[in-house]
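Asker: Okay, here's the prediction I keep looking at, along with the sequence it came from:
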Amino acid sequence: MCDNCFDKLDIDIELDGAFGVLEAQAVEAVVPVSTKLTQLETFELYQQGLDIEAMAQTRNLKPATIVEHLIFLINAKMAVDVRRFVTEEIEQRIIDAVQKVGKGRLIPIKEELGDEIGWNEIKLVMAKIA
């Protein structure tokens, strides 16, 4: 849940018993109909053909935030083509590095690839192959 949605919730929290078991109950959840997921706003810009930098500038967000939105959309099985942002050659190099060092952590993958391939490219390809 994003901060905007969270701010709209009225949550009643009580401690129960000596062990302090936390019990939370949503009392009221009023989210305006016009509110939509920020990731969907990014998806609309993606559908318009904007690149990551242009989406970031349009939304007044950092490129890394746009990449996180794209990863969210990929994981949600939305139609996001990573190839718009990562060439076939770079994608294959990332896949090869993942096969060599494993996909548990990004740092060993980045170290294997060197400085010519960026973190955003690695994250996008990792989302695609997940």
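Answerer: Alright, I've got the coordinates.

Asker: any chance you could map the strands in the protein?
Answerer: Counting by DSSP state E, one finds strands in the chain at the ranges 9-16, 21-29.

Asker: Of those, which shows the lowest average pLDDT?
Answerer: Within the strands of the chain, confidence is poorest for strand 9-16, with a mean of 42 (mean pLDDT).

Asker: okay, now the domains of the chain?
Answerer: Domain assignment for the chain by automatic domain parsing gives 1-33, 38-129.

Asker: I'd like those domains as TSV, with mean neighbour count appended.
Answerer: (Each C-beta comes from the backbone N, C-alpha and C, glycine too.) Output for those, formatted as TSV (neighbours: other CB atoms under 10 Å):
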stretch	mean neighbour count
domain 1-33	10
domain 38-129	16
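
Asker: can you tell me which of those domains the model trusts least?
Answerer: Among those, domain 1-33 scores lowest, with a mean of 44.

Asker: With adjacent residues omitted, what lies nearest to Lys128?
Answerer: Val82 (4.6 Å; CB to CB, 6 or more residues apart in numbering).

Asker: correct me, but the one you found touches Glu91?
Answerer: Yes: taking contacts as CB atoms under 8 Å, Val82 lies within contact range of Glu91: 6.9 Å.

Asker: who touches both of these two?
Answerer: Contact with both Val82 and Glu91 is made by residues 125, 128, according to CB atoms under 8 Å, 6 or more residues apart in numbering.

Asker: before we move on, the earlier item: how far away is the residue nearest to Lys128 from Asn60?
Answerer: Counting by CB to CB, to the nearest Å, the gap from Val82 to Asn60 is 24 Å.
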